[in-house]
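Q: Provided below for reference: sequence and predicted model.
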Amino acid sequence: MRKPFFLSRNIFHGLIPASWAMALKISCGYLLAGLLWVLLSDRLLNLFVSDLRTLSLLQTFKGLIFILVTALLLFLLLWRHFTRLRRAEEQIALAAQGVSSCVGDAFFTSLVAYLAQVLETDCALVATIDEAEAHQVQTIALWRDGRLEDNLAYSLEGSPCSALLDKEVCWCPKGVKTKQKPGHPFCGMGVESCLAMGLRDVQQRLIGVVMVLSRRPMGQRRTAESLLRIFATRAAAELERKAAEQKIAHMAFFDPLTDLPNQQLFRDELEAALLRARRQQSSLALIYFDFDRFKTIVRSLGHLYGQWVLRQTASKLKENLGPREILAHLGGDEFGAVLPDVSAAADVEIAIERLLKPLGAPMNIVGHELYVTASVGVALFPHDGGDVETLLRHADVAMSRAKAMGRNNVQFYNPEMSRHSFQHLVLENRLHRALEREEFILLYQPQLDLATGALSGMEALICWKQEGRATFSPSQFIPLAEETGLIDPLGEWILFTACSQNVAWQKAGLPPQRVAVNVSARQFYQRDIVALVARVLRETGLDPRWLALEITESILFQDIAETTVTLEKLRDLGVHLIIDDFGTGYSSLTYLRNFPMGTLKVDQSFIAGVPQDPGACTITTAVIAMAHHLRMTVVAEGVEKEEQKEFLVNAGCEKIQGFLYSPPLRAEDFATLLRRSSAA
Ligand code: C2E
Ligand code: MG
Ligand code: MG
């Protein structure tokens, strides 16, 4: 640890010898004058005084005269010396008082001002020295010719004080200008002498310098050095404090993972950029983007690799940043950017392409090539908002739209999006409470066997009843429930309710019927659907042959390998499998043949065109034939008219479902229908 300055071995360095010299000088002077007087006084009196009376009078008083004269001389000498000493003391006390009452930047500015004044030099400075950057000197307070000047930077190597790298003090009493490298910032000043002292941190690393420079040769090294030494410890401590403060400030405004500005700084920077744009009557673009399927990356590679991907991508994005552009890490995998001076959407698109170019390159991670894509939302100032909050909200809405549009694309905000997004928010809030408030009910839509004209099976459809509010259809809230994760408890509730209701009907003596339950993508891929179905069957006691699962064509083809395995396990449980909404996706017939599906449901959109639209008729006929070929029975859904039914009978379709036969019914109404149809 460094010693406090008052314990330093050299603190009185210069002062003690000077006092000795002064005391010795006075004593010797006195001795010399006394001797001369003793030796020469009689001769001098004889030489100048001839009158014997006067001579004897003077000889009587010559001792007294000597004492008076030497006392006078002594007084003058001591007076001069103590005046000087007092003035120096006063100056140091003044400097110490002035400097020690200040902290931070004020400390450095008052220090340089006092040093220059007390040591009577033309220039004084305090600077930081950055070891990491080739010992770059950066002044933090520079006093020159009686005033504070703008700070400047130069390299310590090649400067007159480069000796500080090895020594504590650098003393150059004259000829500095001849040692300066051309182009050094002090070249034009005509510096003749300088004294510098290194400032070191607790680990004795050189972190700064305090220096005085003069256009005249410098004497008084010891006094100056002592003075610098007194303040060097405090200056070093202040430098360390300043560095710690800067570090804390950096942590408060920069994200530690990517070293990009954080949310707080981004907002401040955006505010400043908006002020500038308003003043210059220019426009700017605010960009929000996040990585597509980042959660999947984290899930499959682990959290650490996820962070690595974020860090790597952030540093690559930084390289492509224009001079006045701002890029920030807003949290998670979300980033924001401000692009100033963009006048048209085309400019923004070009800028985004440049900024996000690194995303096009693959990342090599644990032997795999990983491509990261982003969904980008853009809000323009002043077109889409005049303040920070509005622009941020609109860019966020546009980004959500980019995600909804299938990811990896750029969406510019438009007001239509906001309306949609607000509805989304309202819906999400209500959805969360709906399950607890038991606002969901399950309806059952019966199916008609075209050959026998009897009821044959049903589809369970969820319905959300809200007191006094608009009702939302499942196609609106099921995707949202998937997004928010609510589908997990909701899907389980649906399956459990449908199965236990079916058991209840059977126990009530009604003829057994198969109930078909819709399965969403998240349920199918992210939950262990096989375990869930097995558990529900066990808990409700339903025979598996009275349960069917409806899986849409689009879900089936998301991951063929996983789908095949899951479907086979479900089939092995004894559950019937139905392919729903057939004709809306892009099924590969090769794979379709391998899936263990028992029934195919022709999508309503084709049935709606039957029999007047020849195209719809051709497709429907072809789909029915193909299903039969693959040994599947066919259900046509959305049958509303008699002529549709006739067409389907002729095309060989086995069953129909739709308003023509019955709308979806409450459990008690369905029981009545079941009772009636069994009696018939
Ligand atoms: P889907 O599985 O294709 O269900 C058939 C939809 O057609 C139902 O709409 C039904 O009410 C409607 N529908 C029945 N007959 C007719 C008709 O004659 N004409 C017309 N125009 N429509 C008819 P809903 O109840 O609005 O459900 C829409 C979609 O929401 C369903 O399509 C299904 O994909 C999903 N869904 C419904 N219930 C559930 C559920 O419990 N779980 C899951 N995961 N999804 C569900
Ligand atoms: Mg369905
Ligand atoms: Mg359907």
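A: Perfect, thanks for sending it. Ligands and ions are numbered 1, 2, ... in the order given.
Q: for residue 539, see how far away residue 27 is.
A: 113 Å (C-beta to C-beta, to the nearest Å). The way it works is simple: take the backbone N, C-alpha and C, and place the C-beta from them, glycine included.
Q: around ligand 3, pick out the residues from the protein.
A: When proximity is defined by C-beta under 5 Å from the ion, the chain lies next to ligand 3 at 580-581.
Q: residues from the chain in reach of ligand 1?
A: With C-beta under 6 Å from any ligand atom as the criterion, the chain comes near ligand 1 at residues 445, 460-462, 473-475, 478, 494, 518-520, 550, 580-581, 604, 637-640, 658-659, 664.
Q: quick one: which of those sit in helices?
A: Among those, the residues falling in helices (DSSP state H) are 474-475, 478, 494, 604.
Q: out of the residues you listed, who's nearest residue 184?
A: residue 478 (73.0 Å; C-beta to C-beta).
Q: neighbours of the closest one, how many?
A: 21 (other C-beta atoms under 10 Å).
Q: surely it and residue 462 touch.
A: Yes - Residue 478 is in contact with residue 462 according to C-beta atoms under 8 Å; the separation is 7.5 Å.
Q: center of the chain - which residue?
A: Centroid check for the chain by C-alpha atoms, centre = their mean gives residue 329 as the closest residue, at 2.9 Å.
Q: may I see the buried residues of the helix or strand that one falls within?
A: Following DSSP states H and E, one finds residue 329 within strand 326-331. For strand 326-331, the neighbour count (16 or more other C-beta atoms under 10 Å) marks 326-330 as buried.
Q: same deal with stretch 259-272?
A: 260-263, 265-267, 269-270.
Q: and the residues you listed, which is closest to residue 150?
A: Among these, and counting by C-beta to C-beta, the member closest to residue 150 is residue 269, at 24.4 Å.
Q: is that closest one in contact with residue 326, as I believe?
A: Yes - if you go by C-beta under 8 Å, residue 269 and residue 326 touch, sitting 4.8 Å apart.
Q: shared neighbours of these two, which are they?
A: Here residue 269 and residue 326 share the contacting residues 261, 338, scored by C-beta atoms under 8 Å, 6 or more residues apart in numbering.
Q: just checking, what packs against the strand holding residue 329?
A: On a contact count with 3 or more C-beta pairs under 8 Å, 6 or more residues apart in numbering; DSSP states H and E, strand 326-331 meets helix 263-280, helix 303-319, strand 334-340.
Q: flag the shaky bits of the chain, pLDDT-wise.
A: Flagging of the chain using pLDDT under 70 yields the residue ranges 1-19, 98, 406, 421-423, 425-426, 429, 467-471, 585-587.
Q: show me the domain layout of it.
A: By the assignment in automatic domain parsing, the chain contains the domains 5-99, 105-252, 263-371, 426-673.
Q: among the helices and strands packed on strand 326-331, which is the most enclosed?
A: Across those, the average number of neighbours (mean count of other C-beta atoms under 10 Å) peaks for strand 334-340, which reaches a mean of 23.
Q: that strand pairs with which strands?
A: Using DSSP bridges, the strands paired with strand 334-340 are strand 284-291 (antiparallel), strand 326-331 (antiparallel).
Q: tell me which of the ones you listed lies nearest to residue 241.
A: Closest to residue 241 of the strands paired with strand 334-340 is strand 326-331 (C-beta to C-beta; 28.2 Å).
Q: may I have the closest one as PDB, with CA atoms only?
A: Extracted C-alpha coordinates of strand 326-331, given in PDB (Å, rounded to 0.1, in the frame of the first residue of the first chain):
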ATOM      1  CA  ILE A 326     -27.200   4.300 -32.600                       C
ATOM      2  CA  LEU A 327     -27.500   0.600 -31.800                       C
ATOM      3  CA  ALA A 328     -28.700  -0.700 -28.400                       C
ATOM      4  CA  HIS A 329     -29.400  -4.000 -26.700                       C
ATOM      5  CA  LEU A 330     -32.800  -3.600 -25.100                       C
ATOM      6  CA  GLY A 331     -32.900  -6.900 -23.300                       C
END
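Q: mind checking how far that strand is from the chain centre?
A: 5 Å (C-alpha atoms, centre = their mean, to the nearest Å).
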